[in-house]
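Novice: Please find the sequence and the predicted model below.
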2 protein chains.
Amino acid sequence: MELITVERAEQIIQSQTRDYGTIRVPYEHSLGRVLAEKLVADRDLPPFNRATVDGIAIAYRAYKEDGLRSFTVNAIQAAGETPLAISSTNECIEIMTGAALDSSLDTVVRYEDIVVANGTATVNDIEIKQGQNIHLQGKDKKEGDVVADACRLITPALVGLAASVGKTDLLVKRLPKVAIVTTGDELVGVEENPTPYQLRRSNDVTIQSVLTRYGIQADRLHVNDDYDTMKGTFQRCLQSYDVLLLTGGVSMGKFDYIPQVLEHLGVKKLFHKVRQRPGKPFWFGTYQDQQVIFAFPGNPVSVFMCLHRYFLPWLERSLDVKISSPQYAVLQHDMDFSYPLHYFAQVKLEVDHQGTVTAQPVESNGSGDFSNLIYTDAFMELPLEKNKFKKGEVYKIWPYNV
Amino acid sequence: MELITVERAEQIIQSQTRDYGTIRVPYEHSLGRVLAEKLVADRDLPPFNRATVDGIAIAYRAYKEDGLRSFTVNAIQAAGETPLAISSTNECIEIMTGAALDSSLDTVVRYEDIVVANGTATVNDIEIKQGQNIHLQGKDKKEGDVVADACRLITPALVGLAASVGKTDLLVKRLPKVAIVTTGDELVGVEENPTPYQLRRSNDVTIQSVLTRYGIQADRLHVNDDYDTMKGTFQRCLQSYDVLLLTGGVSMGKFDYIPQVLEHLGVKKLFHKVRQRPGKPFWFGTYQDQQVIFAFPGNPVSVFMCLHRYFLPWLERSLDVKISSPQYAVLQHDMDFSYPLHYFAQVKLEVDHQGTVTAQPVESNGSGDFSNLIYTDAFMELPLEKNKFKKGEVYKIWPYNV
């Protein structure tokens, strides 16, 4: 069995992206989803000439050409009210932030720069510019302008923007239905009491938690290492889900039935085993050009790495959005890794006072040791072509715990 | 009225952190909460000497001292089974990844390095090391060791770790009850049809969306600019909530009642107005040394900035956790800002191939223009002591949209 490179594995996986269509959701429940339509301004933004301070609105030519400094207060206008006009340029309107200016007014002087007494506002000895303190109609956007492109992650700011243009429901990308299936006779439920030779399941809830960030509510199942039980479970899953994320049972062991069972069910293997540590036995395939099956090794660190390095980029590409793009960081001490494998080191990230992202590798006891994952921030990808990695060199990182 | 500096405002706010106690939640619903207890290993991790590959388990001295290369296969042992012993050192056990080794065995040779035929496993001509391919009991953690400190954000990896040590419920920090109260006669609901001089509310849903990241389900209320209505609403809020986040009505306007109403209700003003743009009219106070009141200006960009610069750090400090610490980035082009104010510029962040975080300022039309917030990633904090900011200089950033 020929092992393939990380780059080749990535290429094969990325060639199998899927389109799950779109669905409408209320804007208040759209956070974290991927926008599938353009948002356009339903009117100019701002929709009117808007006072940006509290003070008086005047006609600038009265100040400039006629040399007026005192203005009779005609009325007070609050935000939200129909604009009030002046009938003569020696008048002004006391106007509040957010209020709309009538066309007879073109300049706003803030309270700090005037004195109001006995119904007259007098401008202090300062320089006034025409149009000051006004946010002009359509300055930000014109009616019909695009305010947000499709294929963007819906952030809090985007939810607010949707509200401001009156979009009460948004077209978003539909999410794949995902089943997480753990395998392994040694695994028991978290509520159960393991024998001295058993372990509690944890990969399923970890994967499920990562997927909630994308709004995916994945189902969790467990099957023991029994050929027929596996076959039945996987068959049902292939009918009901778009994506299967399996853990365990893909190595050389006598009871590592997953590749066999999947192939027996007609799942097409696209690769098995990658030149990487952790996660070497990673298996990937598709079913009837529809379902996509990621079969990860059982070790928690392998699962976590493969999820972030392969599955999430596949998911984001399927949803046509880029959220967790790989980044770069500067290695903070020398590392040796003498196997002909791509090595994914767990690192702690920090941004120093020069604005540089630094990566401090944390020693791990192997792929079974996942207790460091909570103290680290990313996998640093150390290419298989090299064995020695020097302090100060820059490598790609895949952040997690964000 | 003396304006205070950003640093002083921060100091005052940080001196008013609160402790909301703790609560138990099921581990499956703990994601994003703050852990309030230490997690300890309920047994050694791993709990037994664990085979890390599939192959045969042998006694090393038979190989080393007796020179044996062929071993009779005594039995096959799957993961999860009671460990099987050999009765003589010329025997071996075929052992699967994850299985527990009996004390008669101390070394594992993987299938790739042996040939099994007629009940005998023969080791290829390779060097074998004592103890290889075994994850020793207690190597990662000893029973009773701390696997996670208190005051950590609960990430997917931490949920998995909790599962692995059998913690079905977790003590987490209790969250404050938060009311978001928008004010302003010009604001209408998203479902309503605004007149030409009205705007749709958006600050409330934006703030609410940001708070969901912390697990806070804030309530939204709106009151018009009417003194008595405001008084009634704020009074009820002060009885039912821990934190009030208000928007609008804190400037110089004739209907900017909020400071007056709050002080009338006995809320103690700790500051009003900060030397910053946007967000200058920001008001902050406390009620009976319990409730904390952040009264932001009404402009969406001001609200967004004050929320990220002041409220979230206050919240994180109250929860005793550091999630969104300020970072540093390198300014990508010269900027002038000639007012004696701290300036918060909207910037697009990127990590270049040298691992440097770069910040590209995006021109904004003022604090009313929030359409850029969805295309940018952070506020860059440009100190009031300077007016010119040069390309290549490093400043603090406050990320959002993460």
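Specialist: Perfect, I can see it now.
Novice: doesn't A:Leu101 make contact with A:Ile58?
Specialist: No - using CB atoms under 8 Å, A:Ile58 makes no contact with A:Leu101, being 10.3 Å away. C-betas here are computed from N, CA, C, even on glycine.
Novice: so what sits against both of these two?
Specialist: A:Val108 (CB atoms under 8 Å, 6 or more residues apart in numbering or on different chains).
Novice: and the residue most central in space within chain A, what is it in contact with?
Specialist: Residue closest to the mean C-alpha point of chain A, counted by CA atoms, centre = their mean, is A:Ile323 at 4.3 Å. By CB under 8 Å, 6+ apart, the contact list for A:Ile323 reads A:Leu153, A:Glu316.
Novice: so which strand or helix has it?
Specialist: Using DSSP states H and E, A:Ile323 sits in no helix or strand.
Novice: Over to A:Val301?
Specialist: Using DSSP H and E, the element containing A:Val301 is helix A:300-306.
Novice: can you list contacts of the helix or strand hosting A:Asp228?
Specialist: Using DSSP H and E, A:Asp228 sits in helix A:227-240. Contact with helix A:227-240 is made by A:177, A:179, A:181, A:183, A:221, A:223, A:244, A:249, A:257-258, A:260-262, A:264-265, A:267, A:287, A:291, as judged by CB under 8 Å, 6+ apart.
Novice: In strands, which of the residues you listed fall?
Specialist: Using DSSP state E, A:Ala179, A:Val181, A:Thr183, A:Leu221, A:Val223, A:Leu244, A:Tyr287, A:Gln291 are the members of the contacts of helix A:227-240 that sit in strands.
Novice: quick check: angle from the helix holding A:Asp228 to strand A:178-183?
Specialist: In terms of direction (axes from the mean of the first three to the mean of the last three CA atoms, to 10 degrees), helix A:227-240 departs from strand A:178-183 by 170 degrees.
Novice: quick one on the thing from earlier: A:Ile58 and A:Leu101 - which one has more neighbours?
Specialist: A:Ile58 (27 against 24; other CB atoms under 10 Å in any protein chain shown).
Novice: Could you tell me the per-residue confidence at the more buried one?
Specialist: Here the pLDDT value assigned to A:Ile58 is 98.
Novice: Please name the residues that touch it.
Specialist: A:Phe71, A:Ile86, A:Thr89, A:Cys92, A:Leu105, A:Asp106, A:Thr107, A:Val108, A:Val109.
Novice: From chain B, how far out is it?
Specialist: Separation of A:Ile58 from chain B (CB to the nearest CB, to the nearest Å): 17 Å.
Novice: If that residue is in a bridge, with which residues?
Specialist: A:Thr107 (DSSP bridges).
Novice: Tell me if I am right that A:Lys280 is in a helix.
Specialist: No - in this structure, A:Lys280 is coil, not part of a helix, as judged by DSSP: H, G, I helix; E, B strand; the rest coil.
Novice: pretty sure it contacts A:Pro297?
Specialist: Yes - the pair A:Lys280 / A:Pro297 is scored as a contact, 7.2 Å apart, by CB under 8 Å.
Novice: Show the residue spans covered by the helices in chain A.
Specialist: A:6-14, A:60-64, A:156-164, A:203-212, A:227-240, A:258-264, A:300-306, A:312-318 (DSSP state H).
Novice: which secondary structure elements does the third one contact?
Specialist: In this structure, helix A:156-164 makes packing contacts with strand A:146-148, strand B:199-200, helix B:203-212, helix B:300-306, judged by 3 or more CB pairs under 8 Å, 6 or more residues apart in numbering or on different chains; DSSP states H and E.
Novice: Mean pLDDT for those - can I get that in TSV?
Specialist: Converted to TSV, those look like this (pLDDT from 0 to 100):
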stretch	mean pLDDT
strand A:146-148	95
strand B:199-200	95
helix B:203-212	97
helix B:300-306	96
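Novice: and the stretch 201-350 of chain A, which of its residues are near chain B?
Specialist: Among all residues of the stretch 201-350 of chain A, those adjacent to chain B (criterion: CB under 8 Å from any CB of the partner chain) are A:201-203, A:205-207, A:209-210, A:212, A:225, A:251-256, A:298, A:300, A:304, A:327-330.
Novice: Distance check, the spatially closest residue to A:Arg61 that is not a sequence neighbour against A:Ser103.
Specialist: What sits nearest to A:Arg61 in space, not counting adjacent residues and going by CB to CB, 6 or more residues apart in numbering or on different chains, is A:Thr89, at 6.8 Å. A:Thr89 sits 13 Å away from A:Ser103, going by CB to CB, to the nearest Å.
Novice: more neighbours, these two?
Specialist: Each of A:Thr89 and A:Ser103 has its neighbours counted (other CB under 10 Å); A:Thr89 has more, 18 against 8.
Novice: Surely that one and A:Lys64 touch.
Specialist: No - assessed by CB under 8 Å, A:Thr89 is found out of contact with A:Lys64, at 10.7 Å.
Novice: wait, which of the ones in strands among the contacts of helix A:227-240 is closest to chain B?
Specialist: Distance to chain B, by CB to the nearest CB, is smallest for A:Thr183 among the ones in strands among the contacts of helix A:227-240, at 10.3 Å.
Novice: hang on, the earlier thing: just the buried residues out of the residues of the stretch 201-350 of chain A next to chain B, in ChimeraX syntax.
Specialist: Buried members of these, defined by 16 or more other CB atoms under 10 Å in any protein chain shown, are picked up in ChimeraX with:
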select /A:201,202,203,205,206,207,209,210,225,251,252,253,255,256,298,300,304,327,328,329,330
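Novice: got the contact list for A:Lys254?
Specialist: B:Asp54, B:Ile76, B:Ala78, B:Glu94, B:Met96.
Novice: filter these down to the ones close to chain A.
Specialist: B:Asp54, B:Ile76, B:Ala78, B:Glu94, B:Met96.
Novice: Give me the pLDDT value at the residue lying closest to the fourth one once chain neighbours are set aside.
Specialist: By the measure of CB to CB, 6+ apart, the closest residue to B:Glu94 outside its immediate chain neighbours is B:Ile76, 4.4 Å from it. In the prediction, the pLDDT value recorded for B:Ile76 is 96.
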